[in-house]
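[1] this one's sequence-less:
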């Protein structure tokens, strides 16, 4: 009448161990990117190469900080060209 069933042993609840995150290894510092040397000098180098242009540029900066007339500043910029 009664059929005997084989019973499996009760399953044990296995708790999964939570994996702790591995500490990050410090990354090596990146080397700064070196500026590629070009054959063309920068604008500032070009302006400072000529003594007359350098003096006009300094005068232009001084007059601008002093609040000089804009037509005078434009005239000095024209001389730099």
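    Received the coordinates, thanks. Since we're looking at a predicted model, the values are computed, not measured.
[2] longest helix anywhere in this structure?
    Looking only at the chain and at elements set by DSSP state H, the helix with the highest residue count is helix 51-66.
[3] And the contacts of that one?
    With contacts defined as Cβ atoms under 8 Å, 6 or more residues apart in numbering, helix 51-66 is touched by 47, 48, 72, 73, 76, 77, 79, 80. Any C-beta I mention is one placed from the backbone N, CA and C, and that applies to glycine too.
[4] Now do the last one against residue 24, distance only.
    Translated: residue 80. 53 Å (Cβ to Cβ, to the nearest Å).
[5] The fifth one too?
    Applying Cβ to Cβ, one obtains 56 Å for the distance of residue 76 from residue 24.
[6] what residues does the least confident helix or strand in the chain by mean pLDDT touch?
    The weakest-scoring helix or strand in the chain, judged by mean pLDDT, DSSP states H and E, is helix 43-49 (a mean of 73). Residues lying outside helix 43-49 but in contact with it, judged by Cβ under 8 Å, 6+ apart, are 41, 53, 54, 57, 80.
[7] Most neighbours of all those residues, which one?
    Tallying neighbours with other Cβ atoms under 10 Å puts residue 57 at the head of the contacts of helix 43-49, with 18 neighbours.
[8] that older thread, can you name the two of the contacts of helix 51-66 that are farthest apart?
    With Cβ to Cβ as the measure, no two of those lie farther apart than 48 and 72, at 22.0 Å.
[9] what number of residues lie near residue 68?
    Residues within reach of residue 68, counting by other Cβ under 10 Å, total 14.
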